[in-house]
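# Generate coordinates for the sequence data below:
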Amino acid sequence: MASRPRRLLRGDDTPLSASFLELFFDLAFVLALSQLARHLLHDLTVVGALRTALLLGAVWWIWVTTTWFADWYDPESQWVRWLLVGAALGSLLAGVAIPRALDGRGLLFAGAYVAVHVARGGVTAFALRGHPRQRRAVRILCWFSVSAVPWLVGGLLPEWRVPLWLIALAIDFTGPRLGWPTPRLGRTNRQELHLAGEHFAERYQQIMIIALGELVLVAGLSYAGTRLDLPQTAAFLLVFAAAVLIGLLYVTPAGQRLGPAIERGDPSRLGVVTGYLHLVMIAGLVVTAVGAELSIAHPTKASDLTAAVVILGGPLLFLLGRILFSLAIHRRLSWPRVAALVVLSGAAMVLRLPLLAVSAVASGVLLAVVVLDHAGIRSYHRAKNPD
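Residues are numbered from 1 along each chain as shown. Coordinates of the predicted model:
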């Protein structure tokens, strides 16, 4: 019979598919994405974008570390179930705080963030006492305990909040890449960082679907609030098309190869780097949602620099993350995607057309990339398997 600590860990016979509570946890991310889009919409400045990025980074890191946790531990364990429920609650509270996280609700945001990480680390370190994997849990707990100080102090001191939170987020982001080095415990080795590629890849696909769903939801609600005239209808259809095209660009082909790549590769590199790169893609979808709201609400309004950058910048950010994702998975560069970055960047600087036309440019560029990518994939397979 397995010992109590061993029963906490994910076994070889544990199903790799996401558990019900993992999917339930994802629902909390819906609120966070919606709040982040609203936060950016109400402050379409460079400073507003950077502040939104800071909050997105924190919320995203809750999701990433919870995904690692669910990958390492048995989802049928009572300890794991309650910690997943707690992570969902913490994510919801952080989402509630987002609109005023840099104002009057900073302590709620920071407290929810810290509570998720420290509680999870403390419980797993206690539950694994006497087991070799306890060292990994203690290392992670130590790093999150250190970053908790600037998080909580920043929550209490509004004038120091942004710089302190930037320091805290930098600590949290660099910890896993370095193996959470800790005095007397050393750093986590490759075996301790092992990730189940199939489970990990499935979870990333699921969160991308959640983010795309948020984009479609924003488009639908914005369209429902209009008179449903032809320009608004065209703008809504363009946003829907962009969501479909972004989904196609994600899954083909690197999105389908993430699992095997993680199994073959170094989890301290690929497992961590994919978390960073998905953050860029998720940020692109948040910006795309803001652009969707602008273009559907005012399709015939002439765009200014800000509106053009938002509408075209969302797809640009997604493509940037997707290009780097392909490089990380199979070290191949998609030149159509690189060309699309150039086109979108140039268009954002020079186009002063109605917002509907700017949205059409964004969707048109995405369509061109999908067509060229699929043509390239078919040519590659024909060359590899000639008749």
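# Got the phi and psi for the residue sitting nearest the centre point of the chain?
When the chain is reduced to its mean C-alpha position, the closest residue under CA atoms, centre = their mean turns out to be residue 279, at 3.8 Å. Backbone dihedrals for residue 279, given as degrees, to the nearest 10, come out at phi -60, psi -40.
# do residue 180 as well
Its backbone dihedrals place residue 180 at phi 50, psi 60, with angles given as degrees, to the nearest 10.
# same deal with residue 354?
Taking degrees, to the nearest 10 as the convention, residue 354 sits at phi -60, psi 150.
# was I right about residue 369 contacting residue 316?
No. Residue 369 is beyond contact range of residue 316, at 11.4 Å (criterion: CB atoms under 8 Å). Backbone N, C-alpha and C define where each C-beta goes, glycine included.
# number of nearby residues for residue 338?
Taking other CB atoms under 10 Å as the neighbour definition, residue 338 ends up with a count of 14.
# wait, what's in contact with it?
When the contact criterion is CB atoms under 8 Å, 6 or more residues apart in numbering, the partners of residue 338 are residue 323.
# any common contacting residues for residue 369 and residue 316?
When contacts are counted by CB under 8 Å, 6+ apart, the set common to residue 369 and residue 316 consists of residue 340.
# Do a quick rundown of the helices in this structure.
For the chain, helices defined by DSSP state H occupy the ranges 4-8, 20-41, 46-72, 78-97, 106-127, 134-156, 161-178, 197-224, 230-250, 256-264, 272-297, 305-330, 335-350, 355-384.
# what sits against the residue lying closest to residue 245 once chain neighbours are set aside?
Leaving out its chain neighbours, the residue that sits closest to residue 245 by CB to CB, 6 or more residues apart in numbering is residue 366, at 4.0 Å. Counting by CB under 8 Å, 6+ apart, residue 366 touches 241, 242, 245, 246, 249, 315, 340.
# now do 10 Å
241-246, 248-249, 315, 318-319, 340, 344 (CB atoms under 10 Å, 6 or more residues apart in numbering).
# Show the low-confidence segments of the protein, by residue range.
Across the chain, the ranges flagged by pLDDT under 70 are 1-8, 10-16, 197, 253-268, 376-387.
# how about 50 then?
When residues are selected by pLDDT under 50, those of the chain lie in 1-3, 380, 387.
# ok, the nearest residue to residue 188 once chain neighbours are set aside - how many residues close by?
Counting by CB to CB, 6+ apart, residue 188 lies nearest to residue 179, which is 4.3 Å off, once chain neighbours are set aside. Here the number of neighbours of residue 179 (other CB under 10 Å) works out to 18.
# Ramachandran coordinates for residue 179?
Per degrees, to the nearest 10, the residue geometry at residue 179, taken as phi and psi, is phi 80, psi 20.
# From what I see, residue 250 and residue 277 are in contact.
No. Counting by CB atoms under 10 Å, residue 250 stays clear of residue 277, with 11.3 Å between them.
# what's the overlap in contacts for those two?
Shared contacts of residue 250 and residue 277, defined by CB under 10 Å, 6+ apart, comprise 204, 321, 322, 325.
# show me what contacts the third one?
Taking CB under 10 Å, 6+ apart as the definition of contact, the neighbours of residue 322 are 246, 249-250, 254-255, 277-278, 280-281, 284, 315, 334, 337, 340, 369.
# what are the phi and psi angles of residue 101?
Here is the backbone geometry of residue 101 (degrees, to the nearest 10): phi -60, psi -30.
# My read is that it contacts residue 56, right?
No. Residue 101 lies out of contact with residue 56 (CB under 10 Å); the separation is 11.0 Å.
# Chain neighbours aside, what residue packs nearest to residue 172?
Once flanking residues are discounted, residue 172 sits nearest to residue 147: 5.1 Å by CB to CB, 6+ apart.
# Roughly how far does the one you found sit from residue 214?
Here the criterion is CB to CB, to the nearest Å. By it, residue 147 lies 27 Å from residue 214.
# rewinding a little: single out the most deeply packed of the helices of the chain.
Of all those, helix 272-297 carries the top mean neighbour count, a mean of 24, counting by mean count of other CB atoms under 10 Å.
# name the helices or strands packed onto that one?
helix 20-41, helix 46-72, helix 161-178, helix 197-224, helix 230-250, helix 256-264, helix 305-330, helix 355-384 (3 or more CB pairs under 10 Å, 6 or more residues apart in numbering; DSSP states H and E).
# Switch those over to TSV; also include distance to residue 92.
Below are those laid out as TSV (distance: least, CB to CB, whole Å):
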stretch	distance to residue 92
helix 20-41	5
helix 46-72	11
helix 161-178	20
helix 197-224	14
helix 230-250	25
helix 256-264	28
helix 305-330	25
helix 355-384	32
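# Which of these sits closest to residue 115?
Taking CB to CB as the criterion, helix 46-72 is the member of these that comes nearest to residue 115, at 10.3 Å.
# Okay then, goodbye and thanks.
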